[in-house]
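1. The following comprises the amino acid sequence and a computationally predicted model.
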Amino acid sequence: MADYSYTPRGVCSRMITFGIEDGKLHNVSFVGGCPGNLAAIGKLLEGADAKETAEILRGNDCGGKGTSCADQLAKAIDEALGQEG
């Protein structure tokens, strides 16, 4: 499994970490941000298809910031998938 770390921009969380194995997400974790909601996202995404997840979460907005922790996760996944290529 390849492990990734991403520093999000424009949101409360300070770090996103996750693994991708066979195109599936594992161990999605956020440092900072809304702990309950972000822990739930990690649980819901365990084993989810990485590409589909990025498509679903991309563009999600938090309070008019133009991004969100979910949107930043989509960016992180896109970046990781680009590195796998």
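-> Structure received. Numbers count the residues shown, from 1 in each chain.

2. neighbours around residue 28, how many?
-> Residue 28 has 23 neighbours, counted by other CB atoms under 10 Å. (Glycine included, C-beta is placed from N, CA and C.)

3. One more: residue 76?
-> The number of residues packed near residue 76 is 22, by other CB under 10 Å.

4. Which stretches in this protein count as strands?
-> 2-6, 13-21, 24-32 (DSSP state E).

5. strand partners of the shortest one, parallel vs antiparallel please.
-> Next to strand 2-6 in the sheet, as set by DSSP bridges, lie strand 13-21 (antiparallel).

6. Pull out the buried residues from the partner strand.
-> Residues of strand 13-21 classed as buried: 13, 16, 18-20 (neighbour count, 16 or more other CB atoms under 10 Å).

7. Put together CSV for the strands of the chain, with distance to residue 78 on each row.
-> Compiled in CSV, the strands of the chain are given as follows (distance: least, CB to CB, whole Å):
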stretch, distance to residue 78
strand 2-6, 10
strand 13-21, 12
strand 24-32, 13
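
8. List the contacts of residue 42.
-> By CB atoms under 8 Å, 6 or more residues apart in numbering, residue 42 lies in contact with 27-30.

9. Need the max-distance pair from those residues.
-> Across the contacts of residue 42, the longest distance by CB to CB is 11.4 Å; it joins 27 and 30.

10. Tell me which of the two has more neighbours.
-> Taking other CB under 10 Å, residue 27 and residue 30 do not tie; residue 30 has more neighbours (25 against 14).

11. Skipping adjacent residues, who's closest to the more buried one in space?
-> Excluding the flanking residues, the one nearest residue 30 by CB to CB, 6 or more residues apart in numbering is residue 38, at 4.0 Å.

12. Do you know the pLDDT at the one you found?
-> Here, the pLDDT recorded for residue 38 equals 96.

13. Cool, thanks, signing off.
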